[in-house]
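**Q** Here you go, sequence then predicted model.
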Amino acid sequence: MVLSNVTVLICDDSILSRKKMKDFLKVCGVKEIFEAVDGQAAVDEYKDKKPTVVFMDIVMPKKDGIQAVKEIVEFDPEAKIVMASSVGTQSLLKDALKAGAKDFLQKPINDDSILQVLGRIL
């Protein structure tokens, strides 16, 4: 899978989670990676940069991931958003998918699962 022409937005309030994913994506060949610390910042970044894929945490300050997904999908119905959460309850998963997320990753996220989900949605 060629990832050099893919742009990614990572939205997570944990700087460690963002750094870990960013470092792995760079090793995989992704050249443009944007970051957001909360749901509102994710919506703003998405509208500004229109990345190929978004990795979105669910539980965040200011605006949670599910609300951010709804707003991004309203702006761009073709948005490819992958939810990530350690909470992982069935109701949150259903809400995320109903809001427009294309897939879901359980935290802690391992590198193989990132590649698998990218293979499914790209």
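**A** Everything's here; your move. Residues are numbered from 1 along each chain as shown.

**Q** Would you map the strands across this protein?
**A** Using DSSP state E, the strands of the chain run over 7-11, 32-36, 53-57, 81-85, 103-106.

**Q** can you list those in TSV and add distance to residue 25 and mean pLDDT?
**A** Yep, even glycine has a C-beta here, placed from its N, CA and C like the rest. TSV is the format used below for the strands of the chain (distance: least, Cβ to Cβ, whole Å; pLDDT from 0 to 100):
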stretch	distance to residue 25	mean pLDDT
strand 7-11	6	98
strand 32-36	6	98
strand 53-57	9	97
strand 81-85	12	92
strand 103-106	13	91
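
**Q** for the ones you listed, which one sits closest to residue 69?
**A** strand 81-85 (5.4 Å; Cβ to Cβ).

**Q** one step back: how about the strands of the chain in TSV, adding mean neighbour count and distance to residue 93?
**A** As requested, the strands of the chain are exported to TSV (neighbours: other Cβ atoms under 10 Å; distance: least, Cβ to Cβ, whole Å):
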stretch	mean neighbour count	distance to residue 93
strand 7-11	24	17
strand 32-36	18	21
strand 53-57	26	13
strand 81-85	25	8
strand 103-106	18	5
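
**Q** mind putting the ones you listed in a markdown table, distance to residue 118 included?
**A** Formatted as a markdown table, the strands of the chain follow (distance: least, Cβ to Cβ, whole Å):
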| stretch | distance to residue 118 |
| --- | --- |
| strand 7-11 | 9 |
| strand 32-36 | 13 |
| strand 53-57 | 7 |
| strand 81-85 | 8 |
| strand 103-106 | 9 |
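
**Q** Of those, give the one that comes closest to residue 96.
**A** strand 81-85 (4.1 Å).

**Q** Name the residues of the helix of greatest length in the chain that come out as buried.
**A** Longest helix in the chain by number of residues (criterion: DSSP state H): helix 15-27. Neighbour counts using 16 or more other Cβ atoms under 10 Å place 17, 18, 20, 21, 22, 25 of helix 15-27 among the buried residues.
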